[in-house]
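> Could you look at this predicted model? Sequence included:
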Amino acid sequence: MCGIVGYIGKRDSQDILLEGLKKLEYRGYDSAGIAVFTKEGLQISKSKGRLAVLEDKLKGEPLAGSVGIGHTRWATHGKPSDLNSHPHTDNSAKFSVVHNGIVENYLDLKDELAAKGHVFVSETDTEVISHLVADEYDGNIVEAVQRAVARMRGAFALGVLTEFEPEKLVAVRFASPLVIGIGDGENFIGSDIPAILEHTRNVYILNDGEMAVLTCNAVELMTIEGATISKEIFHVDWDLVTAEKAGFDHFMLKEIYEQPKAYRDTMLGRVSDDGKSVDLKELSMSDEYIKSINRVHIVACGTAYHAGLVGKSVIESLARISVENDVASEYRYRSPIITPQTLVIVVSQSGETADTLAALREAQRNGARVLAITNVVGSSVAREADDVITTWAGPEIAVASTKAYSSQLIAFYLLGLHLARVLGTQEPAAMEELITGLNALPEQVEKILEQAVVLKQVAESISHHRSLFFIGRGVDYAVAQEGSLKLKEISYIHSEAYAAGELKHGTLALIEEGVPVIALVTQETLYEKTLSNIKEVKARGAHVLAVANSGFEGEVAKSVDEIFAIPKTLPILSPALAVIPLQLLSYYASLALGHDVDKPRNLAKSVTVE
Ligand code: AGP
């Protein structure tokens, strides 16, 4: 996904911009560029490909100057190319713009500007913004940007420079994140905090419809209509080191190994001292409101959606409230039945996923209360939801989500127990047993991680296959779906997840000699049924790896080719363990195939467009 960084100060800006963009690489991108005020005026250097390509170009033709903006682009309008890369400019080359998001009415604006004589060289919506700002300019860049923005529809974060007012950097946020970094005699903009963290820990987080005018010594905040606003400075107390690899070969592996800590941190302070109940004190929803909830919608995308599938089982079994799951991009278009008695839970690691944010707004528009489960404090989702359960997984850099997913499961367990306590739907002994099981999870994950090497070998053999299947029943099916997505996104091996009992209704036709099938067998009440399904695929030549609860691994071992046992836990808690071997399998398969594990092709960490 696109990244923005901007600098205004006394230092040379080129390296600050490049370093800032490097910190945003994890978001995914296909081209990069910078614009700097040099002695010759506003100069732009940009190119398709990795930042290293741009760096090489700048080695030959550096851009010297102390004010600049930079961008990493993830193509939406127009293919990745030098011309489509940001920053963009207008025909006078006096204005320059970097932009994250999408301008929905850019074609109408483009036609109008073309009729006035503007000539466009790229396919992008962003180029239209630079022409629009130039067209609106009559001596005041702030007002020109405000007039331009008033004419744009869509989602955008902008950084704007003009040669006519080189002492100013204008930043706008409208439905796409942007922060302002406050320095000493210098100021910054960034689409994400890591872009500027090396230089300052004091930031303003812009809200939708807000803008900032930066000079070396001041930051003026206002609405896009021009009304002055004031904001509290947000002090970032986390470290860049936590976002580094800490000795692991890849961020993904590091993040897999961070899961015991992520579980502990997410539970911290939320379980009562006597270990008998869970109280999510951060929730502002009253007990009366909880008692009035008659249905829950869980809405999310990708891996977060898969966490929501487990969340459904957790809430239904612990709190006995009916739950529906929705993919966020579908939710508002299916005209869901939402009432004030519907609790809508949105799940998003980044808290910036456009579809999830849109679903949140749709739910609120219809009078529902929204509870967010997110990993990013201060994210859009966190700020707009009525209640937030933060997963304390720490920054997740690898595109493939691991510790964020499993921490979302912990958040669902805590929520289920909280609701159950208020609703009285569980016996005290059952609650205690669950909490004991929860507390044991971090250590159990550590035990699984100690056996990672076994999975490396299995992954290497899987990596020679073009297609494979994941099967399971109940919550095992939910975990199977996450395992399948993880494998696809980083190893590029085709896989499908199936409810084990559903295979024989069509998909069984695809099972032939040697096809790998990964079967999840953790549910006591379902394991005999799953064993029957395993026999169905074995009879057709499948090579079966079972991930099984150690309680019945002996029985399962008789029916499969390989087995990976996870420590015994309560059935509802097993996803928090069973997913770990699947993450490791995907990681090692990707590694065996020589792929870019942390930055898989075509994907972005934070998907801030619909
Ligand atoms: C995770 O491995 C994926 N890359 C992706 O499915 C992700 O979970 C999805 O885009 C949702 O992101 P979010 O949690 O930041 O909203």
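Arrived safely, thanks for sending. Keep in mind that this is a model prediction, so the values were computed, not measured. Numbering: from 1, shown residues only.
> so Leu526 sits right up against Arg473, yeah?
Yes. Using Cβ atoms under 8 Å, Leu526 is in contact with Arg473, at 4.4 Å. Yep, even glycine has a C-beta here, placed from its N, CA and C like the rest.
> Contact partners for the residue of the chain found nearest the ligand?
In the chain, the residue that lies nearest the ligand is Gly302 (1.8 Å; Cβ to the nearest ligand atom). By Cβ atoms under 8 Å, 6 or more residues apart in numbering, Gly302 lies in contact with Ser401, Leu485.
> repeat that for 7 Å
Gly302 is in contact with Leu485, counting by Cβ atoms under 7 Å, 6 or more residues apart in numbering.
> Check what pLDDT it gets.
Note on Gly302: pLDDT of 97.
> what's the answer for Arg369, then?
So, for Arg369, pLDDT stands at 97.
> near the ligand, which residues of this structure?
Counting by Cβ under 6 Å from any ligand atom, the chain comes close to the ligand at 301-304, 348-350, 353, 356, 399-401, 489, 603, 606-607.
> Of the residues you listed, which belong to strands?
Counting by DSSP state E, the part of the residues of the chain next to the ligand found in strands is Ser348.
> So which of the residues of the chain next to the ligand is surrounded by the most neighbours?
Ser348 (33 neighbours; other Cβ atoms under 10 Å).
> Next up, the contacts around it.
Ala300, Ala304, Thr356, Thr374, Val381.
> how near is it to Ala382?
9 Å (Cβ to Cβ, to the nearest Å).
> Give me the lowest-pLDDT entry from the residues of the chain next to the ligand.
Among those, pLDDT bottoms out at Ser606, giving 79.
> What residues does the nearest residue to that one once chain neighbours are set aside make contact with?
Nearest non-adjacent residue to Ser606, counting by Cβ to Cβ, 6 or more residues apart in numbering: Ser350, 4.3 Å away. Residues in contact with Ser350 (Cβ under 7 Å, 6+ apart) are Val376, Ser379, Lys605, Ser606.
> Give me the phi and psi for Ser350.
Main-chain torsions, Ser350, degrees, to the nearest 10: phi -80, psi -30.
> How about Ala548?
Dihedral angles (degrees, to the nearest 10) for Ala548: phi -130, psi 150.
> likewise the one 10 residues further on?
The main-chain torsion angles of Lys558 are listed as degrees, to the nearest 10 and equal phi -70, psi -20.
> per-residue confidence for it?
89.
> Numbering from 86 from now on, please.
Okay, using 86 as the starting number, the last item reads as Lys643.
> any idea how far Met296 is from it?
67 Å.
> So between the two, which is more surrounded?
Met296 (26 against 8).
> That one: what secondary structure?
strand (DSSP: H, G, I helix; E, B strand; the rest coil).
> these two touch, right, it and Phe259?
No. At 8.8 Å, Met296 and Phe259 do not qualify as touching, with contact defined as Cβ atoms under 7 Å.
> intersection of neighbour lists for the two?
By Cβ under 7 Å, 6+ apart, the residues touching both Met296 and Phe259 are Ile309.
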